[in-house]
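>>> no sequence for this one, just the structure:
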């Protein structure tokens, strides 16, 4: 959605961003202490996603407590304490969270003016120690491309360090490179068909954007989420090595990047049920020995492997 994003059932101007979570984090989402904005919407459907509430373009209702009170929905979508999502799917007003506020149903997405977010970042400068700043993540931030570009432009004008965490699928991503101080990109699987089977999207454009990034951007952090049954094994390890060695060979003499291997976890699993979704990742756990094996193989190949 380049020109408009969806929030609350209606199109909103591009000078806004829909945020479903924010907070501070140290070093895991870019250097130093950072203000993190999780932006709504993702074009992937990763089975292991830790933030399923950030996947739909429209922020979902989350049933965080049961039984629900029937009275919170004037349209009868809550009956005998259970939410009938088929009935509430087309609701525009969402009186259950806007009028009849309760502690059982929540909607965490909020559409905020870019200027307001930039002002909030300005007020947070005292927290940006050790080279910190603002990080945009998701969901997938480039799903709100125009709003992201506007916010990054404003932050750079104010001298605030910027970072973006992205799945690398947007064709316009390279146009944002001058606005991003730290670029964090996922590369989930070297095989296009496996990538598509588990995320809903192939990796062709991701490969292109990763290549563009290591050639043109001065600070690139590449991440591989290690998921059992998906990308952990000898064949997968060799596939990753072949791709990343190719990046080194293709890039200019000064091309450099760091690699980080992230171990599968289920911290976000309860939220799938709260969003009315089925968690479909089975046996995703990865032994620590496999993480070490990936790290050691890449270190031996001359790559800068980090842990944040």
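Here it is on my side, so go on. Small disclaimer: the values here were computed from a predicted structure and weren't measured.

>>> could you pull out the strands for the stretch 1-150 of the chain?
5-7, 10-12, 16-26, 33-39, 62-63, 78-79, 82-83, 105-106, 110-113, 133-137 (DSSP state E, counting those that start in this stretch).

>>> ok, residue 97 touching residue 61?
Yes: under the criterion of CB atoms under 8 Å, residue 97 makes contact with residue 61 at 6.9 Å. Quick note: C-beta positions are derived from backbone N, CA and C, even for glycine.

>>> what is in contact with those two at once?
In terms of CB atoms under 8 Å, 6 or more residues apart in numbering, residue 97 and residue 61 are both contacted by the residues 105, 106, 107.

>>> ok, and the most crowded of those residues?
When neighbours are counted as other CB atoms under 10 Å, the busiest of these turns out to be residue 105, with 24 neighbours.

>>> Report the contact partners of it.
Residue 105 sits in contact with 61, 62, 63, 64, 68, 72, 83, 96, 97, where contact means CB under 8 Å, 6+ apart.

>>> now the residues you listed in TSV, with pLDDT, neighbour count and distance to residue 51?
Converted to TSV, the contacts of residue 105 look like this (pLDDT from 0 to 100; neighbours: other CB atoms under 10 Å; distance: CB to CB, whole Å):
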residue	pLDDT	neighbour count	distance to residue 51
61	96	24	16
62	97	21	12
63	96	20	17
64	95	15	15
68	94	22	23
72	94	18	25
83	94	22	20
96	95	26	22
97	94	19	19
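
>>> Closest to residue 264 out of those?
residue 62 (22.9 Å; CB to CB).

>>> and the closest one, bridged to which residues?
In this structure, residue 62 has beta-bridge partners residue 106, where bridges are defined by DSSP bridges.

>>> does it really touch residue 277, like I thought?
No: counting by CB under 8 Å, residue 62 stays clear of residue 277, with 10.3 Å between them.

>>> Give me whichever of the strands of the stretch 1-150 of the chain is most buried.
Compared across the strands of the stretch 1-150 of the chain, strand 133-137 shows the largest average neighbour count, a mean of 25 (mean count of other CB atoms under 10 Å).

>>> Can you name every helix or strand that that one contacts?
Contact analysis of strand 133-137 by 3 or more CB pairs under 8 Å, 6 or more residues apart in numbering; DSSP states H and E lists strand 33-39, helix 145-157, strand 162-166 as its packing neighbours.

>>> what about 10 Å?
Using 3 or more CB pairs under 10 Å, 6 or more residues apart in numbering; DSSP states H and E as the contact test, the elements touching strand 133-137 are strand 16-26, strand 33-39, helix 114-123, helix 145-157, strand 162-166, strand 182-186.
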